[in-house]
Each structure stands twice: as structure tokens, then as C-alpha cells.
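Q: Requesting a structural model of the entry that follows:
(one chain, ligands or ions: 1)
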Amino acid sequence: MTNTPADNAPLKILCITGWCRNGSTIIGNILNEIPGFFHVGELHFLWKNAAGRGVNEDCGCGRKLVDCPVWSTVLPVGQPAGITFVEHADAVIQRQLGSVRTRHTWRVLRGLRTEQIRAHAALMTQVYQAIAKRSESRVIVDTSKVPGEAALLAHLDGITPYYVHLVRDPRAVAQSWSKPKEYVYAMGPGKSTGYWTGFNLASHAITKRYPQRSMFLRYEDFIADPAGTIERLLRLIDSDPAANPVTDRTVELHTNHTVTGNPDRFHTGATVIRPSDDSWRTGLSKSARRTVAALSWPLSRRYGYGAADSNGKG
Ligand SMILES: [Zn+2]
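A: Residues are numbered from 1 along each chain as shown. Have a look, this model is predicted:
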């Protein structure tokens, strides 16, 4: 392949942060339809899931991650000679736990201060470049939603990260977590909202550090205007807004290669983005609402979710 200027341009990574159940999977899959874009799903969990340590070993294409034509070429990247893949994966998981957990976000933003984080940065640089090469893409959409990993991106050579801090009403999130999904366990409102607050605070630290390359987005605003939201995202990363694959509220989805995410990721074909699910209004108990209100304040108010008060108004 000839070396064109485009090959030397930094690889763009559109990184979606925030707490889970915020609609990142569908946004990633919409962007995946644009030529030159590739949605990796929750890349952070690649090693855990491929090694059988997670809850879900399937790629969005329906194959096991280890058998997928994309991930089978990416998984060996950075694996030292003389050890098995599972041993390599366990080492990666240990480095993730020691360096890019949510509480490490602020430290990662300040620089790569430990041997562990430098080793993880070196691996992720190689991995993203391998993904770009294998998928022939110049924009990778990563919906890991792990703030420590998001903060790391700014330190990777040859990579320009863009950040979307995506939030959703903590009451709707708590309601969503109250029911297990295909391969996702359930979580109580206290735990769900505690994570919601922690992940959103860490996401603020990142977007405050890189304001020119960041955007704040409410899931509810995406649902109200999917096409307009995708256009804003394309402008953020300096891409052609005419490439927007959403017409009215519909997008034609093809096979993707997402590493975990919402179980809807396996859905292909014409997909309508439906109005927001507000079943929490009737499904969430009063005590659950009180818990959510106590743990999400004052962020919930700042995001326009009222006071997330226990009477369900606002
Ligand atoms: Zn695949």
C-alpha cells in the first residue's frame, strides 16, 4: 500500500463516556455505518471476554470474539512470546485494574506516572492502530465508557481522541438496571446511581481537560433528534455531516464487530429510533426513587432531570 498523507494523519477515536445503559451502543452502531468509521463497542472488555472471564464472549457479528475475522487478528497484538493468550489476557486485566479504574481517571489525566499505565498505553496504541488497519478505518468509535481508558487516549501517539459525555436520566437508568438482560446481570438503584454519579464526575474531569474536543450529550436529546445529534457528532470530529446515515428516525444497520454492549447490537436491517422509554415513571418504586434522588443530586439537576425527586415529577 502506498503511503498517502491520509495514512499519516492521526487516527481519530470518538470515545463515549458516562455510565452504562445510556444509549451508547445504538449511537456507535449508527456511526459504524459511515465509510471509514468502525465501532468497536466496549473495547475495554476485549481481553476479559475473549479469555472467557466475562459474561459474554460474542462479537456483534455473532461469532465468538476469538473466531471473529477482526478480533482474531487484533487479540494477539502485544502478546509476549512464550505465554498463552489467556495468560496475556490476565496480565492485561490486571494492568487495567491497577491503572484505569474510574478512581484513577484524575491521575491518568496528569500523565503516565507508573510502569503499569505506560505498559497499558503502549498496548492500547498498538491495538487501536491494528484495529484501524484491519478495518480500514480512520475513525474508531469506542463505547467502553470507562473514564480511565478515555483519559489514557490523550497520551497515545498518533491518536487524536474526541470525547462525548453521554448522560441519561438516573431514574431511567435505575429502572433499566433493575431487570437482567440477556447476558447482563441486574443491579439495585443504590449501586446503579452510585456508579452513575462516579462515572459522570470522572467524565466531567476529562471533558474539562479537553473542552475543544468534547461534547456533552443527553440520551433524551439524542432520542428527540437522532439525525441532528449524529450531525453534531460528525462536526465535532471534523467529518462531513453529509455522511449522516440517519434519515428521519431510521437507519439501515449492517453487521458490526462490537465487543459487548446492549444486546440490541445483534440487530441488523432498517432500525427505527423510538421515543424514549419512560417506564420508570410507573415501574420504579418510591423507595427506589428516593435512593436515586439522594445519590444523583446535584448532577441530576444540573443535567436538567429536575431534582430526580421521589414524586417522579420533573
Ligand atoms: Zn466480529
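
Q: Just the residues contacting stretch 237-255, thanks.
A: 12, 14, 29-30, 32-35, 60-62, 139, 162, 226-227, 230-231, 234-235, 267-274 (Cβ atoms under 8 Å, 6 or more residues apart in numbering). The C-beta positions use only the backbone N, C-alpha and C, and glycine is treated the same way.

Q: Which among those count as buried?
A: 12, 14, 29-30, 32-34, 60-61, 139, 162, 226-227, 230-231, 234, 271, 273 (16 or more other Cβ atoms under 10 Å).

Q: Run through the stretch 151-300 of the chain and note the low-pLDDT ranges.
A: For the stretch 151-300 of the chain, applying pLDDT under 70 flags the ranges 183.

Q: let's see 90
A: Low-confidence segments of the stretch 151-300 of the chain, defined by pLDDT under 90: 176-186, 248, 261-264, 275-279.

Q: Can you show me the CA trace of stretch 103-121 as CSV?
A: What follows is stretch 103-121, C-alpha atoms only, in CSV (Å, rounded to 0.1, in the frame of the first residue of the first chain):
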residue,chain,number,x,y,z
ARG,A,103,-10.8,6.4,40.6
HIS,A,104,-7.6,6.5,38.6
THR,A,105,-9.0,8.9,36.0
TRP,A,106,-7.6,12.1,37.5
ARG,A,107,-4.1,10.5,37.9
VAL,A,108,-4.2,9.3,34.2
LEU,A,109,-5.2,12.8,33.1
ARG,A,110,-2.0,14.2,34.7
GLY,A,111,0.2,11.8,32.8
LEU,A,112,1.6,8.3,32.6
ARG,A,113,3.2,8.1,36.0
THR,A,114,3.6,4.4,36.6
GLU,A,115,5.2,1.5,34.8
GLN,A,116,1.8,-0.2,34.7
ILE,A,117,0.0,2.6,33.0
ARG,A,118,2.9,3.1,30.5
ALA,A,119,2.6,-0.6,29.6
HIS,A,120,-1.1,-0.3,29.1
ALA,A,121,-0.7,2.8,27.0
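
Q: ok, and for it, which residues are buried?
A: H104, T105, W106, R107, V108, L109, L112, Q116, I117, A119, H120, A121.

Q: Quick check: the residue of the stretch 201-314 of the chain nearest the ion.
A: The nearest approach of the stretch 201-314 of the chain to the ion comes at H257, 3.6 Å away (Cβ to the ion).

Q: check contacts around that residue.
A: H257 neighbours (Cβ under 8 Å, 6+ apart): F38, H39, V40, G41, C59, G60, C61, C68, V70, W71, S135.

Q: any idea how far G194 is from it?
A: 32 Å (Cβ to Cβ, to the nearest Å).

Q: what are the ranges of the strands in the stretch 51-200 of the chain?
A: Assigned by DSSP state E, counting those that start in this stretch, the strands in the stretch 51-200 of the chain fall at 139-142, 159-167.

Q: Please name the nearest non-neighbouring residue to the residue positioned nearest the centre of the chain.
A: The structure's the chain has its C-alpha centroid closest to T143; by Cα atoms, centre = their mean the separation is 1.6 Å. For T143, the nearest residue in space outside its immediate sequence neighbours is S24; the separation is 4.0 Å by Cβ to Cβ, 6 or more residues apart in numbering.

Q: close enough to count as contact, the one you found and G261?
A: Yes. Using Cβ atoms under 8 Å, S24 is in contact with G261, at 7.4 Å.

Q: Give the residue from these two that has the larger number of neighbours.
A: S24 (29 against 26; other Cβ atoms under 10 Å).

Q: per-residue pLDDT, the more buried one?
A: S24 carries a pLDDT value of 95.

Q: related to what we said a few turns ago, OK, contacts around the residue nearest to T143?
A: By Cβ under 8 Å, 6+ apart, the contact list for S24 reads I16, G18, T143, K145, L166, G261.

Q: Kindly report the residues of the chain close to the ion.
A: C59, C61, C68, H257 (Cβ under 5 Å from the ion).

Q: Show me what the first one is bridged to.
A: Under the criterion DSSP bridges, C59 forms beta bridges with V259.

Q: Can you give me the neighbour number for Q79?
A: Q79 has 16 neighbours, counted by other Cβ under 10 Å.
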